[in-house]
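1. Predicted model follows, preceded by the sequence.
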Amino acid sequence: MSFLDTLQTKLSNALDDLTSLEVRTYRGDMTTFVKTMGSARMKDWLTAETVGELKLVRLTRSEFDGDTVLFVDDGSTSGAVPEYIGDAHEAAVKSAHEMRKGLAELAVRAVQSVV
C-alpha cells in the first residue's frame with residue numbers, strides 16, 4: 001500500500017470517527033488470567049489472557065446526518081436478554097451523545113477564541 005493510499009485510509013477512518021457514533025453491547029462469559037504477584041496494575045490487565053465467548057446483543061450507530069442503525073437481539077437464539085442490558089446500552093448511548101456534544105462545543109469555543 002502506498003503512502004497516499006495509507007494516508008487516505010487514515011483520513012477516511014478519522015472522518016468516520018468524527019462524524020459517527022457507535023455503541024456495542026455484548027453479553028457472555030469471560031475469564032481473565034492476570035499473571036502477577038501481589039496487586040495488579042493497569043498494564044497487567046491490558047496484557048492479561050482472556051478466554052470466553054461473547055455475543056453482540058445491542059448495537060447503535062448514529063451518523064452525522066441523523067441516520068441511525070439499531071440492532072437488537074430478540075433472544076430467540078440465545079435466551080432472553082435481561083432488561084438491565086438494554087438499560088445499560090441506552091445509558092451508554094446517551095452518555096456517548098452527551099460526550100460528543102461536549103466535544104463539539106469545546107471545538108467551537110476553541111475556534112471562537114482564536115477568531
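-> Yep, it's here.
2. got any ranges where the chain has weak pLDDT?
-> Low-confidence segments of the chain (pLDDT under 70): 36-40, 42, 77-78.
3. Show me the strands in it, by range?
-> Secondary structure of the chain (DSSP state E): strands at 20-33, 49-63, 68-72.
4. Please tell me how far the residue nearest to the spatial centre of the chain sits from Tyr84.
-> Geometric centre of the chain, nearest residue: Val23, 4.6 Å, by Cα atoms, centre = their mean. Distance check for Val23 against Tyr84: by Cβ to Cβ, to the nearest Å, it reads 16 Å. From N, CA and C alone the C-beta is placed, and that goes for glycine too.
5. Repeat that for Ser12.
-> Distance from Ser12 to Tyr84, by Cβ to Cβ: 37 Å.
6. How about Trp45?
-> 24 Å.
7. Pick out whichever of those two has more residues nearby.
-> Trp45 (12 against 8; other Cβ atoms under 10 Å).
8. Can you report how many residues neighbour the closest residue to the more buried one other than its chain neighbours?
-> Nearest non-adjacent residue to Trp45, counting by Cβ to Cβ, 6 or more residues apart in numbering: Val34, 6.3 Å away. Other residues lying near Val34 total 12 when counted by other Cβ under 10 Å.
9. Val34 against Ala48, yeah?
-> Yes. Under the criterion of Cβ atoms under 8 Å, Val34 makes contact with Ala48 at 4.6 Å.
10. Isn't Phe33 up against Ala48?
-> Yes. Using Cβ under 8 Å, Phe33 is in contact with Ala48, at 6.0 Å.
11. More neighbours: these two, which one.
-> Set side by side, Phe33 and Ala48 show more neighbours around Ala48, with 13 against 8, by other Cβ under 10 Å.
12. got a list of what the more buried one touches?
-> Contacts for Ala48 (Cβ atoms under 8 Å, 6 or more residues apart in numbering) come out as 32-35.
13. need the residues you listed in a markdown table with distance to Leu70, can you?
-> A markdown table is the format used below for those (distance: Cβ to Cβ, whole Å):
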| residue | distance to Leu70 |
| --- | --- |
| Thr32 | 30 |
| Phe33 | 35 |
| Val34 | 35 |
| Lys35 | 39 |
